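Asker: based on what follows, work out the 3D shape:
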Amino acid sequence: MPIRKQPYDKPVDASLNFLNFIGERAKPSFPGEMQARPPIIGKGEPPADLIRLAQTREHYVRSASADAEPEVKLERVRDTEDRIWRVQISDASFDALPGRTAVRERPEKIVAEIDPKISFNGHRPDWAHSFHAPRVAADESERLMRRFNGRTTQPLYVFGADNRVPYQDSSWPWGLVGKVYNSDGKMGTGALIGKRLIATAGHMLPWNSIAQGSWWMKFVPAYYNGSSLFGAGVQSYVSDCKGYNTSGDVTGYDFAVCRLYTPLGDSLGYFGYNGYDDDWEDDPYWTLLGYPSAVASGQKPSYQSSIAVIDDDGDSNGGLEIESQGDMTPGNSGGPLFSWWNGDPRLIGVVSGQEEEYSFPFSTEKVNVVAGGSGFTNLMAWGRTNWPL
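Answerer: Below is the predicted model:
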């Protein structure tokens with residue numbers, strides 16, 4: 001997760017005032033208010049597509065040439081238990097499903113290509129249960145962060161005790177958050193915001209691989225100890241993405257929308273998104289989700305609720321630095337900061353990084369930055385408009 005030290009004077013493009021505020025300006029609900037609500041019990045069975053994915057693990061291989069079809073042989077391994085099989089694939093190397101397009105677009109072009117009638121709400125499938133607080137993982141001792149020598153440690157930009165708690169819950173909306181991997185070797189967090197869309201940080205896109213012409217990203221919803229709680233095969237590679245290369249800096253426009261090859265949101269549902277209003281500052285409306293390596297070694301999702309935004313700063317490309325002292329460390333990158341509007345969970349941005357803000361006279365304040373604002377919601381609306389299926 002990027003770290004920036006202030007002072008840092010950045011120009012804000014005043015021409016971006018045309019960017020739309022998307023969402024509601026009414027105040028969201030406090031987490032405690034939501035937790036007091038009874039759960040919603042889903043009706044019916046999970047969709048057939050989800051059941052098929054859960055029972056099937058897919059692998060991708062690259063053949064020796066375009067005309068060569070790999071030969072696959074399956075045989076039982078002798079002198080072992082009957083369940084062991086050998087799969088042999090000739091003339092092929094194992095590979096990821098490659099991405100197709102990765103584009104940085106000017107905000108004015110994004111706005112011009114948005115359907116103004118597109119919904120900003122989330123969606124819960126009828127079959128999915130909904131709990132208004134996640135169910136905590138059984139072993140909370142994994143919250144302790146340890147050095148390689150076994151001693152406990154506190155990473156930078158955790159304020160006081162680390163309040164992030166690992167959870168084990170695939171209900172809606174907690175199962176909509178997942179782990180993101182990419183061909184640059186990075187791991188972070190993303191969240192479903194459409195039928196085949198995820199929101200994540202711009203710096204989670206594999207810009208080095210993209211520049212070389214071959215790249216991939218993978219999203220695993222409800223990742224927990226090695227695979228999805230929905231089933232081992234419930235995951236998808238990214239086909240296309242649109243966002244900003246922040247060159248490792250913390251910014252208010254460090255966001256991206258990614259299109260998945262597999263429409264996971266059709267089966268699992270998705271978050272909504274909402275603009276940010278500074279009338280909401282200093283009130284603890286917000287919840288953070290992600291896969292920080294400092295909590296459960298990044299193998300379980302964690303959450304922290306009742307976070308207050310303490311300041312916001314405008315940025316380029318319609319972005320907004322939403323600042324808080326919520327606990328965020330590497331692995332949280334791209335994770336959602338969200339709250340509830342009338343029972344609808346909506347993102348106001350994604351985790352960018354950590355910074356030290358200069359305060360007069362001669363002092364600094366450590367804050368964590370979420371990238372949001374109208375640039376964020378407009379980009380999500382562009383994704384729903386142009387990548388609906």
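Asker: ok, the longest strand along the chain: who's next to it in the sheet?
Answerer: Criterion DSSP state E: the longest strand present in the chain is strand 344-359. Strand pairing for strand 344-359, using DSSP bridges, gives strand 3-5 (parallel), strand 272-273 (parallel), strand 336-341 (antiparallel), strand 363-372 (antiparallel).
Asker: ok now the next helix or strand after the shortest one, how far from the chain's centre?
Answerer: Where DSSP states H and E defines the elements, the next helix or strand beyond strand 272-273 is strand 286-290. Once both centres are worked out by Cα atoms, centre = their mean, to the nearest Å, strand 286-290 turns out to sit 10 Å from its chain's centre.
Asker: for this structure, what spans make up the helices?
Answerer: 31-35, 48-55, 107-112, 207-212, 264-268, 374-386 (DSSP state H).
Asker: okay if I get these as a markdown table plus mean neighbour count, distance to residue 251 and mean pLDDT?
Answerer: (C-beta placed from N, C-alpha, C; glycine too.) As requested, the helices of the chain are arranged in a markdown table below (neighbours: other Cβ atoms under 10 Å; distance: least, Cβ to Cβ, whole Å; pLDDT from 0 to 100):
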| stretch | mean neighbour count | distance to residue 251 | mean pLDDT |
| --- | --- | --- | --- |
| helix 31-35 | 15 | 28 | 93 |
| helix 48-55 | 15 | 35 | 93 |
| helix 107-112 | 16 | 13 | 90 |
| helix 207-212 | 16 | 14 | 95 |
| helix 264-268 | 24 | 27 | 97 |
| helix 374-386 | 24 | 10 | 96 |
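Asker: so which of the ones you listed is nearest residue 252?
Answerer: Of all these, helix 374-386 sits nearest to residue 252, with 7.6 Å by Cβ to Cβ.
Asker: which strands and helices sit next to the closest one?
Answerer: helix 107-112, strand 187-194, strand 197-200, strand 236-243, strand 256-260, strand 272-273, strand 320-324, strand 344-359 (3 or more Cβ pairs under 8 Å, 6 or more residues apart in numbering; DSSP states H and E).
Asker: tell me the domain boundaries of the protein?
Answerer: 3-35+99-386, 48-95 (automatic domain parsing).
Asker: mean neighbour count, the ones you listed: which tops it?
Answerer: Highest mean neighbour count of the domains of the chain: domain 3-35+99-386, a mean of 20 (counted as mean count of other Cβ atoms under 10 Å).
Asker: next, name the residue at the spatial heart of this protein.
Answerer: Taking Cα atoms, centre = their mean, the centroid of the chain lies closest to residue 190, which sits 1.4 Å from it.
Asker: and the most far-flung residue of the chain relative to its centre, what does it touch?
Answerer: Relative to the centre of the chain, and counting by Cα atoms, centre = their mean, the farthest-placed residue is residue 79 at 45.0 Å. If you count contacts by Cβ atoms under 8 Å, 6 or more residues apart in numbering, residue 79 has none.
Asker: just the pLDDT for it.
Answerer: Note for residue 79: predicted pLDDT of 71.
Asker: check the one 3 residues further on too.
Answerer: What the model reports as pLDDT for residue 82 is 72.
Asker: distance of it relative to residue 189?
Answerer: 40 Å (Cβ to Cβ, to the nearest Å).
Asker: cool, residue 285 as well?
Answerer: Residue 285 sits 20 Å away from residue 189, going by Cβ to Cβ.
Asker: same question, residue 230
Answerer: Distance from residue 230 to residue 189, by Cβ to Cβ: 17 Å.
Asker: do the same with residue 130
Answerer: 21 Å.
Asker: next: residue 254.
Answerer: 13 Å.
Asker: same check, this time on residue 301
Answerer: Relative to residue 189, and taking Cβ to Cβ, residue 301 is found at 8 Å.
Asker: find the residues that touch each one of the two.
Answerer: Contacts common to residue 301 and residue 189, judged by Cβ under 8 Å, 6+ apart, are 177, 289-291.
Asker: out of those residues, which is nearest to residue 112?
Answerer: residue 177 (30.9 Å).
Asker: go ahead and confirm that closest one touches residue 337.
Answerer: No - checked against Cβ atoms under 8 Å, the pair residue 177 and residue 337 is beyond contact range at 11.4 Å.
Asker: point out where the stretch 201-350 of the chain drops to low pLDDT.
Answerer: The model of the stretch 201-350 of the chain has no residue with pLDDT under 70.
Asker: check the closest residue in space to residue 46 that isn't next to it in sequence and give its pLDDT.
Answerer: Distances taken as Cβ to Cβ, 6 or more residues apart in numbering put residue 127 closest to residue 46, at 5.4 Å, once the chain neighbours are dropped. pLDDT, residue 127: 97.
Asker: now do the contacts for residue 127.
Answerer: Going by Cβ under 8 Å, 6+ apart, residue 127 touches 42-47.
Asker: picking up where we left off before, nearest to residue 185, of the helices of the chain?
Answerer: Comparing the helices of the chain under Cβ to Cβ, the one sitting nearest is helix 207-212, at 9.3 Å.
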